[in-house]
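Participant: Build me a structure from this.
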Amino acid sequence: MSNVEHDSAVRRCGSGPEGHEPARHEVEVLTPRDVPLGGPRAMRVRRTLPQRARSFVGAWCFVDHYGPDDVTLRGGMDLPPHPHTGLQTVTWLFEGEVEHRDSLGSHAYVRPGELNLMTSGHGICHSEVSTARTTILHGVQLWVALPDEHRDAARDFVRYVPPTVRRDGAAIRVFLGSLVNSVSTVATLTPLLGAELLLDAGSCLTLDVDLAFEHGLLVDDGDIEFEGTVLHPGELGYLRPGIATLKLRNVSLTRARVVLLGGPPFEEEIVMWWNFVGRNHDDIARAREEWAEGSDRFGTVQGYAGERLPAPELPNATLAPRRNPPRS
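Facilitator: Down below sits the predicted model:
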């Protein structure tokens with residue numbers, strides 16, 4: 001997915017906010033902001049990361065949550081070819097179908113319950129279009145910041161269908177990493193956890209997790225008590241490392257759905273602007289210039305009917321750091 005904001009903010013992201021941090025077992029609640037994916041009829045997404053309160057959950061650096069969206073009213077998703085650098089994109093659908101094409105030559109139909117992981121490395125471009133078979137579009141788009149040693153990795157595209165594991169009134173699909181003795185077969189370039197959980201009404205679930213990981217729980221549907229804090233749809237609850245088990249309870253009268261993300265704190269500092277992740281201003285400026293000039297760095301998407309997405313203008317200044325504010 002592309003960041004299509006015309007006034008795309010500059011973010012130089014560190015591993016956490018300066019100053020006082022919340023207690024290790026205290027849940028930090030992050031609320032999203034609405035972002036349109038195009039013109040007046042465009043689908044809107046709820047963006048939880050990045051924001052001023054937090055930049056990362058592990059190496060997860062971008063969380064868009066959308067739908068359920070009636071495509072007859074909003075037109076669905078139609079993102080022209082657009083570039084990425086220094087990151088991986090994770091597409092995970094709950095409903096609908098999206099046609100993916102990229103400059104690696106991949107052509108895939110993204111469907112519910114199927115992981116689609118694209119590695120940009122030094123540069124890639126892709127298009128995403130909801131298909132004519134789609135009536136409701138609903139899912140998440142996630143980005144992973146690549147560590148410096150892998151940020152120029154080769155382009156790649158992987159699909160994976162995780163099995164469903166039942167545990168204490170919950171159906172769990174682990175698409176990256178491992179949880180409840182389910183291990184994703186997809187290799188990652190930094191330690192990660194990504195899983196969808198469907199919790200029956202009133203169910204309680206205790207999950208053994210990696211002590212070194214920080215975790216984020218994104219609520220799609222229902223109300224979830226997460227380590228004693230109730231989260232509502234669209235909210236993301238964040239927990240610092242040092243916890244061996246996570247406790248979830250569905251306090252709704254109906255089934256609830258959440259996405260659990262995790263990883264060790266990402267210690268590197270990055271600059272993220274538009275669809276690019278780099279380490280400094282020059283990295284971003286160079287990537288933008290090469291996209292504008294049609295450089296071979298990003299390749300070409302074949303089969304998309306339309307023009308590629310132009311890059312917004314860079315700010316008329318050196319890209320400045322954006323750090324999380326200190327906590328009182």
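
Participant: Only C-alpha atoms from now on, for both contacts and neighbour counts.
Facilitator: Noted.

Participant: What degree of burial does Leu211 show, as a neighbour count?
Facilitator: Neighbour count of Leu211, defined by other CA atoms under 10 Å: 14.

Participant: show me what contacts the most centrally placed residue in the chain?
Facilitator: By CA atoms, centre = their mean, the chain has its centre lying nearest to Leu142, at 1.4 Å. Residues in contact with Leu142 (CA atoms under 8 Å, 6 or more residues apart in numbering) are 60-64, 89-91.

Participant: separation between it and Tyr66?
Facilitator: Counting by CA to CA, to the nearest Å, the separation of Leu142 from Tyr66 is 11 Å.

Participant: can you check Leu115 too?
Facilitator: Counting by CA to CA, the gap from Leu115 to Tyr66 is 16 Å.

Participant: again, but for Trp92
Facilitator: Distance from Trp92 to Tyr66, by CA to CA: 11 Å.

Participant: shared neighbours of those two, anything?
Facilitator: Shared contacts of Trp92 and Tyr66, defined by CA under 8 Å, 6+ apart, are found at 139-140.

Participant: To what extent is Leu218 buried, counted in neighbours?
Facilitator: By other CA under 10 Å, the burial measure for Leu218, its neighbour count, is 28.

Participant: now Gly303
Facilitator: The burial count for Gly303: 11, using other CA under 10 Å.

Participant: and the closest residue to Leu115 other than its chain neighbours, what is it in contact with?
Facilitator: With sequence-adjacent residues excluded and distances taken as CA to CA, 6 or more residues apart in numbering, Leu115 is closest to Tyr160, at 5.0 Å. Counting by CA under 8 Å, 6+ apart, Tyr160 makes contact with 114-116, 175, 185-186.

Participant: Same check on Ser182?
Facilitator: By CA under 8 Å, 6+ apart, Ser182 lies in contact with 165, 174.

Participant: Is it bridged to anything, and to what?
Facilitator: For Ser182, the beta-bridge partners under DSSP bridges are Leu179.

Participant: How confident is the prediction for the nearest residue to Ala145 once chain neighbours are set aside, by pLDDT?
Facilitator: Nearest non-adjacent residue to Ala145, counting by CA to CA, 6+ apart: Leu87, 4.7 Å away. Looking at Leu87, its pLDDT reads 97.

Participant: what does the one 10 residues further on give?
Facilitator: Turning to Glu97, the model gives it a pLDDT of 97.

Participant: burial measure for the spatially closest residue to it that is not a sequence neighbour, as a count.
Facilitator: Counting by CA to CA, 6+ apart, the nearest residue to Glu97 once its immediate chain neighbours are dropped is Arg111, at 5.0 Å. Other residues lying near Arg111 total 19 when counted by other CA under 10 Å.

Participant: again with Gly228
Facilitator: 13.

Participant: Would you mind writing the CA trace of the helix or strand hosting Leu93 as CSV?
Facilitator: For Leu93, the host element (DSSP states H and E) is strand 87-95. The C-alpha atoms that make up strand 87-95 are tabulated as CSV, following Å, rounded to 0.1, in the frame of the first residue of the first chain:
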residue,chain,number,x,y,z
LEU,A,87,11.1,-2.1,3.9
GLN,A,88,8.8,-5.1,3.6
THR,A,89,5.1,-4.8,3.0
VAL,A,90,2.7,-7.3,4.6
THR,A,91,-0.8,-7.5,3.2
TRP,A,92,-3.4,-9.4,5.3
LEU,A,93,-7.1,-9.4,4.3
PHE,A,94,-10.2,-10.2,6.3
GLU,A,95,-12.6,-9.8,3.4
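
Participant: what packs against that strand?
Facilitator: Contact partners of strand 87-95 among helices and strands, from 3 or more CA pairs under 8 Å, 6 or more residues apart in numbering; DSSP states H and E: strand 107-110, strand 115-119, strand 136-145.

Participant: next structured bit after the last one?
Facilitator: Following strand 136-145 in sequence order, the next helix or strand is strand 156-160 (DSSP H and E).
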